Every structure is written in structure tokens, then in C-alpha cells.
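**Q** I'd like to go over a predicted model; first the sequence, then the structure.
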Amino acid sequence: MPYCSQCGNAVQSSDLYCAKCGSRQPGATAARGFAAGFSPRTASILCYLPCAGWIAAIVVLASNSFRNNRTARFHAFQGLYLFVAWLMVQWVFKPFAFFMPGPHIPIVPMVQFALLAVSVFMMVKASHEEVYSLPVLGELAERSLAEK
């Protein structure tokens, strides 16, 4: 455990300043960005959050912390494509199903539930640090990874 260069108080290696005397620590480095505090595993899980995972996916793809991490970037792309699939159901199929004549089959809620189940499944796979490629979305994510 490192100690303060001025007062000798115990400090963490990531502390910029001493908690006791307030002096700047010589070996400490500042965090490089917002995503620097996330592990690749956590970032991969966050990419599959329903309705909010697209934000985490964009942060992962834009940050320098994950630029060379192929697994986190794969999960970010696949999470984005899963969100686009959800948007397609919401904005295209749901209005289309509303105007269909005849008896209404609850196909849209079933597809929404399936997409939610896929999101939870992918969060579990990402938490185990497994790269699981969904049938169509995984292929798109692989292509996106190849296009640096």
C-alpha cells in the first residue's frame, strides 16, 4: 500500500490527492474518460439493458478504453442491433398490426417479450464472458467489427 509523499498517511494507488493533508500524489494518474472505470465484463452487460443499453453501447464504441477489446465491442454492436430490432417492432410492426382487419393476434407483445428474453439471455452470457452470436444480429456485429 502506498503512502503520502508529504505526511505519510496511507493512500490508494489511484488517489490523486491525500485525504489527510490534501497534497498531490506523484504517481497517481487521472481517469482517462467516463468508461475508464468500467470493466469489459460490466460494459458488455450494460449494452443489453432493455431500452437503455444503446447508450452504454455507444459509450463503449466511442471510448478509448475499449478500442482494442474485441469482446466488449462485439457486445456493443450486437446490443445496438438488438435495440434496433426492438425499435422496428415498436415503430413499424405495432402500427401495422393495429390497422390489420379481422381478429387481432397478439403477435407484437409476443415479439416484444421474445426480445426482452433475448436481452436477459445475452446479459447472462456477457456476465459469463461468453461471446454468443445471435443468428442475424451476431453476423451484423461481426461485420461491424471487421470494418474498423
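**A** Perfect, thanks for sending it. Numbering: from 1, shown residues only.

**Q** next structured bit after the host helix or strand of Lys94?
**A** Counting by DSSP states H and E, the element that carries Lys94 is helix 94-98. For helix 94-98, the succeeding helix or strand toward the C-terminus, using DSSP H and E, is helix 107-127.

**Q** only C-alpha atoms, please: export the helix or strand just after that following helix in PDB.
**A** Per DSSP H and E, helix 107-127 leads on to helix 137-146 as the next helix or strand towards the C-terminus. Extracted as PDB, the C-alpha positions of helix 137-146 are listed here (Å, rounded to 0.1, in the frame of the first residue of the first chain):
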ATOM      1  CA  LEU A 137     -27.700  -9.800 -35.300                       C
ATOM      2  CA  GLY A 138     -24.400 -11.500 -34.400                       C
ATOM      3  CA  GLU A 139     -23.400 -11.700 -38.100                       C
ATOM      4  CA  LEU A 140     -24.100  -8.000 -38.400                       C
ATOM      5  CA  ALA A 141     -22.000  -7.300 -35.300                       C
ATOM      6  CA  GLU A 142     -19.100  -9.400 -36.700                       C
ATOM      7  CA  ARG A 143     -19.200  -7.400 -39.900                       C
ATOM      8  CA  SER A 144     -19.200  -4.200 -38.000                       C
ATOM      9  CA  LEU A 145     -16.200  -5.300 -36.000                       C
ATOM     10  CA  ALA A 146     -14.300  -6.100 -39.200                       C
END
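
**Q** chain center to helix 137-146, what's the gap?
**A** For helix 137-146, the separation from the chain centroid amounts to 16 Å (computed by C-alpha atoms, centre = their mean, to the nearest Å).

**Q** in it, what's buried?
**A** Going by neighbour count (16 or more other C-beta atoms under 10 Å), the buried part of helix 137-146 is 137-138, 140-141, 144. Placement of C-beta: from N, CA and C, glycine included.
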